[in-house]
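Participant: pasting the sequence and the predicted model now:
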Amino acid sequence: MTPSRDPAAASPHAGMSFTQFVALMAALMATNALAIDTMLPALPVIGDAIGITTENHRQWIVTAYLLGFGGAQIFYGTLADRYGRRPVLLFGLALYAASSAMAALAGSLEMMIAARVLQGVGAAATRVLAISIVRDCYAGRQMARVMSLTFIVFLAVPIFAPSIGQLIMLVAPWPAIFLSLAVFGTLVMAWAALSLPETLHPEDRLTIAPGRIVQAFRIALTNRQAVGYMLATTLVIGALFGYINSVQQLFADVFHRPHLFPIVFGFTAVFIAISSLLNSRIVERLGMHRVSHTALLGYVAVAVLHACAAWAGYESLWLFVLLQSMMMFCFGLVASNFGAMAMEPLGHIAGTASSVQGFVTTFGGALLGFMVGQHFDGTARPMTTGFAVLGLGALAIVLATERGRLFRSTPAGTAGVRALAA
């Protein structure tokens, strides 16, 4: 039995309550955050165990996962639009669990990178399918609200994940972190298999025909609103990945308080959850444009201030906590709304659109974040400069997308989508 096609229907995901639906979508998205954040405190130990001698090279353990996660998304959407959401999702979760176990057995950098790439490939299905499933069931501001509620649950993971990794290492060696991820992936796979209905409507299934696929990709890559907000999201996520790549070294080499890393990382992540909760309450009243554009301006202002402070030599742990928390608050408002705004005009090719956008934002963001991280020089200057430059770039793209006018709603360009579905 498939969900009702009416987004306003009481139960657009038959057999699941609204709360269970949001919780499952959050769990799917949490597979990604867990794979990145749980192992961050263990990076020095993992690096020593697999023979990494240069500190900046440890970032490959993070970036290899992100490249697999971003690169694989380009394929999942087409498969999900043809074969349905459920089988593709279950395959991805199975691969995630198996590759997590493989990472636990890694004895060299090469094996770890291979396992992390495959882990990212598996997790990519959860990202593409979670967004596609939400778009199957909801639209417009309702979709933004569901995404925000999903983000609240899912963003609790970065708050606690580093501490979870630290606790695991107190009682077990570092491979136990990856074994825990394998167990989590298996449990989520079982939950989805038992509870989630197929949400792709029969009339929206696309055959795997080159011409049709090219047309779907063309629509996803030529719609002004979709492309603009996809590229802006790429730059903002690139700044976030630069932070993730650098933050463990920052606490060890700049602040000389590595023991505080899990606590501070979790504390700053709280502000993303707070802003997502706020967004779920105000976005239907104020609109996605007004909320996200205001947040982006705040993000840029704080990023520039942070970069100036770092270059002037005023960086301290407490200033870092204050400014980073403010940026994370703005990021939460930007990310959830930009994602919904990029998907809004592409409802009838949601799988392909989610794949394209996931590939560009994650793969591109991973490369940008790696560039920022590799410039780490024992100070906070490269990371804070990356935030400022990428934030200003995102603002420039949004201004170009909106033809210089912020805070106004842009009609969704769905004509091409309707033609494809005809």
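Facilitator: Nice, thanks for sending it over.
Participant: helices of the stretch 51-200 of the chain, start to end?
Facilitator: Per DSSP state H, counting those that start in this stretch, the stretch 51-200 of the chain carries helices over the ranges 59-83, 85-104, 109-137, 140-154, 156-171, 175-195.
Participant: what are the buried residues along the second one?
Facilitator: For helix 85-104, a neighbour-count test (16 or more other Cβ atoms under 10 Å) marks 85-86, 88-93, 95-104 as buried. C-beta here means a position set from N, CA and C on the backbone, and glycine is covered the same way.
Participant: neighbours of L167, how many?
Facilitator: Around L167 there are 13 other residues, counting by other Cβ atoms under 10 Å.
Participant: model confidence at it, what's the number?
Facilitator: The model reports L167 with a pLDDT of 91.
Participant: next secondary structure after the helix or strand where A35 lies?
Facilitator: A35 is located in helix 18-37, with elements delineated by DSSP states H and E. Next along the chain after helix 18-37, taking DSSP H and E as the criterion, comes helix 43-49.
Participant: pLDDT weak spots in the stretch 101-250 of the chain?
Facilitator: Residues of the stretch 101-250 of the chain that meet the criterion pLDDT under 70 lie in 139-141, 148, 151-155, 206-207.
Participant: G378: neighbouring residues, count only.
Facilitator: If you count neighbours by other Cβ under 10 Å, G378 ends up with 11.
Participant: Q248 now?
Facilitator: By the criterion of other Cβ under 10 Å, Q248 has 23 neighbours.
Participant: returning to that earlier point: quick one: which of the helices of the stretch 51-200 of the chain is nearest F18?
Facilitator: Closest of the helices of the stretch 51-200 of the chain to F18 is helix 140-154, at 8.6 Å (criterion: Cβ to Cβ).
Participant: so which residues of the stretch 201-350 of the chain form helices?
Facilitator: Using DSSP H, counting those that start in this stretch, the helices of the stretch 201-350 of the chain run over 210-222, 224-249, 261-286, 288-311, 317-343, 350-374.
Participant: CA atoms only for the shortest one, dumped as CSV, please.
Facilitator: Meaning helix 210-222. Presented in CSV, the C-alpha positions along helix 210-222 are these (Å, rounded to 0.1, in the frame of the first residue of the first chain):
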residue,chain,number,x,y,z
PRO,A,210,19.4,7.2,-21.3
GLY,A,211,17.3,9.9,-22.9
ARG,A,212,14.9,10.1,-19.9
ILE,A,213,17.8,10.1,-17.4
VAL,A,214,19.6,12.9,-19.3
GLN,A,215,16.4,14.9,-19.4
ALA,A,216,15.9,14.5,-15.6
PHE,A,217,19.5,15.5,-15.0
ARG,A,218,19.1,18.5,-17.3
ILE,A,219,16.1,19.7,-15.3
ALA,A,220,17.9,19.2,-12.0
LEU,A,221,21.0,21.1,-13.3
THR,A,222,19.2,24.0,-15.1
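Participant: what angle separates that helix from helix 224-249?
Facilitator: Helix 210-222 runs at 70 degrees relative to helix 224-249, counting by axes from the mean of the first three to the mean of the last three Cα atoms, to 10 degrees.
Participant: buried stuff in helix 210-222?
Facilitator: The neighbour-count check on helix 210-222 (16+ other Cβ under 10 Å) flags R212, I213, Q215, A216, F217, I219, A220 as buried.
Participant: and that helix, how far from the chain's centre?
Facilitator: In terms of Cα atoms, centre = their mean, to the nearest Å, the centre of helix 210-222 is set 24 Å apart from its chain centre.
Participant: likewise the fourth one?
Facilitator: Counting by Cα atoms, centre = their mean, helix 288-311 is centred 19 Å from the centre of its parent chain.
Participant: in terms of secondary structure, what does that helix contact?
Facilitator: Under the contact criterion of 3 or more Cβ pairs under 8 Å, 6 or more residues apart in numbering; DSSP states H and E, helix 288-311 touches helix 224-249, helix 261-286, helix 317-343, helix 381-401.
Participant: same check, this time on the longest one
Facilitator: The contact analysis (3+ Cβ pairs under 8 Å, 6+ apart) places helix 317-343 against helix 109-137, helix 140-154, helix 224-249, helix 261-286, helix 288-311, helix 350-374.
Participant: check the last one too.
Facilitator: Other elements packing on helix 350-374 under the criterion 3+ Cβ pairs under 8 Å, 6+ apart are helix 59-83, helix 109-137, helix 210-222, helix 224-249, helix 317-343, helix 381-401.
Participant: kindly report the same for the second one.
Facilitator: Taking 3+ Cβ pairs under 8 Å, 6+ apart as contact, the helices and strands that helix 224-249 lies on are helix 59-83, helix 261-286, helix 288-311, helix 317-343, helix 350-374, helix 381-401.
Participant: tell me how many other residues surround the closest residue to G332 other than its chain neighbours.
Facilitator: The shortest distance from G332 to any non-neighbouring residue, by Cβ to Cβ, 6 or more residues apart in numbering, is to S275 (3.2 Å). Neighbour count of S275, defined by other Cβ under 10 Å: 25.
Participant: try R116
Facilitator: There are 28 residues near R116, going by other Cβ under 10 Å.
Participant: what does L170 give?
Facilitator: L170 has 6 neighbours, counted by other Cβ under 10 Å.
Participant: that one and F320: what is the separation?
Facilitator: Distance of L170 to F320, computed by Cβ to Cβ, to the nearest Å: 26 Å.
Participant: in JSON lines: the helices and strands packed on helix 288-311, plus distance to Y138.
Facilitator: Converted to JSON lines, those look like this (distance: least, Cβ to Cβ, whole Å):
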{"stretch": "helix 224-249", "distance to Y138": "17"}
{"stretch": "helix 261-286", "distance to Y138": "12"}
{"stretch": "helix 317-343", "distance to Y138": "10"}
{"stretch": "helix 381-401", "distance to Y138": "23"}
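Participant: do you know which of the ones you listed lies nearest L179?
Facilitator: Shortest distance between L179 and the helices and strands packed on helix 288-311, using Cβ to Cβ, is found for helix 261-286: 19.6 Å.
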